[in-house]
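[1] Need coordinates for the below:
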Amino acid sequence: MKNHNLNQNKYLINHYTKPLGVTNKKVLQAMLKTPRHEFVPKTHEAQAYYDIALPIGHGQTISQPSLVGIMTQALKLKGRETVLEIGTGSAYQAAILSRLAKQVYTVEIIEDLYKKAKKVLKKLNIKNVTCVLGNGSVGLKKYAPYDAIIVTAAAKHVPQELLNELKVGGRMVIPVVEHAPDLQELKVITKHKNIIGTKKITPVIFVPLVGKYTKGPKPQKNLLNFKKMLQRKHE
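    Numbering: from 1, shown residues only. Take a look at the predicted model:
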């Protein structure tokens, strides 16, 4: 990473990501080493190190770094895990996970984004991420079970297929629509032998999960209101 981009990334992490609750040193280091400008369109490269979501085409977005950090931290990865990501998007989240887990499988339903994700991961020589083109809302049985699952789009409820593919003792981070399309909660789901634990982290606004469990606000809203909600939560 060039010094200019590295300095911008350091500023972003120190002034936005850390103050919003991301304190895990390994997560922060993974974010520091991941060049976000490689994952955004050229037209938005100047905003790559702002703490905002940016459009990546097809009505989809790359999430703001602070939110990526919050979600990643919530998985509590130790480095030996196999992780499933639903919604590859730009592959920024997958690239960060690649530094924290043994193997990452990431599923994208939009072919153009799938192809771009494979290209950027290859460019960055990231070899422990496998991209899959398909409907991630129903899971990915081929490589199951998973130690952790992360969903980067809002579902109307936690998909049973994903719960089935999560190991006992595993954790899932997923935004879930609460009652109204504009109200979503980021949740951590913990799977125990005889019970499923649920913990709310923070209100969020994500693009809808495309597929069986679609429900949520129009994608454009993801660009606007998340930081305001998160700041209110931490006041």
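
[2] use CA for all of it now, contacts and neighbours both
    Noted.

[3] now what about the longest strand anywhere in the chain, what contacts it?
    Longest strand in the chain, counting residues (DSSP state E): strand 166-177. Strand 166-177 is contacted by residues 71, 74-75, 144-158, 183-193, 204, 206, 215-216 when judged by CA atoms under 8 Å, 6 or more residues apart in numbering.

[4] Report the buried residues of whichever helix or strand Ala30 is part of.
    Assigned by DSSP states H and E, Ala30 falls within helix 25-32. Under the neighbour-count criterion of 16 or more other CA atoms under 10 Å, helix 25-32 has Val27, Leu28, Ala30, Met31, Leu32 buried.

[5] List the residues that contact the first one.
    This means Val27. Contacts of Val27 by CA under 8 Å, 6+ apart are Gly69, Thr72, Gln73, Ile96, Leu100.

[6] Same check on the last one?
    In this structure, Leu32 makes contact with Leu6, Asn9, Lys10, Ile13, judged by CA under 8 Å, 6+ apart.

[7] swap in the third one?
    Shown here is Ala30, whose contacts under the criterion CA under 8 Å, 6+ apart are Ile96, Leu97, Arg99, Leu100.

[8] 10 Å instead, please
    Contacts for Ala30 (CA atoms under 10 Å, 6 or more residues apart in numbering) come out as Gly69, Ala95, Ile96, Leu97, Ser98, Arg99, Leu100.

[9] now do the second one
    For Leu28, the residues meeting the contact criterion (CA under 10 Å, 6+ apart) are Lys10, Ile13, Asn14, Thr17, Lys18, Val22, Gly69, Thr72, Gln73, Ile96.

[10] From the residues you listed, keep the buried residues only.
    Taking 16+ other CA under 10 Å as the criterion, what is buried in the contacts of Leu28 is Lys10, Ile13, Thr17, Lys18, Val22, Gly69, Thr72, Gln73, Ile96.

[11] Adding distance to Thr82, write those out as a markdown table.
    Below are these laid out as a markdown table (distance: CA to CA, whole Å):
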| residue | distance to Thr82 |
| --- | --- |
| Lys10 | 28 |
| Ile13 | 26 |
| Thr17 | 25 |
| Lys18 | 26 |
| Val22 | 22 |
| Gly69 | 18 |
| Thr72 | 14 |
| Gln73 | 15 |
| Ile96 | 14 |
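
[12] which ones among these are found in helices?
    Lys10, Gly69, Thr72, Gln73, Ile96 (DSSP state H).

[13] Dump those to a markdown table, plus distance to Leu140.
    Listed next are those as a markdown table, based on distance: CA to CA, whole Å:
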| residue | distance to Leu140 |
| --- | --- |
| Lys10 | 35 |
| Gly69 | 24 |
| Thr72 | 20 |
| Gln73 | 23 |
| Ile96 | 20 |
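
[14] Touching, Ala48 and Leu6? I think so.
    No. Taking contacts as CA atoms under 10 Å, Ala48 lies outside contact range of Leu6: 11.5 Å.

[15] any weak-confidence spans in the protein?
    1, 180-182, 212-235 (pLDDT under 70).
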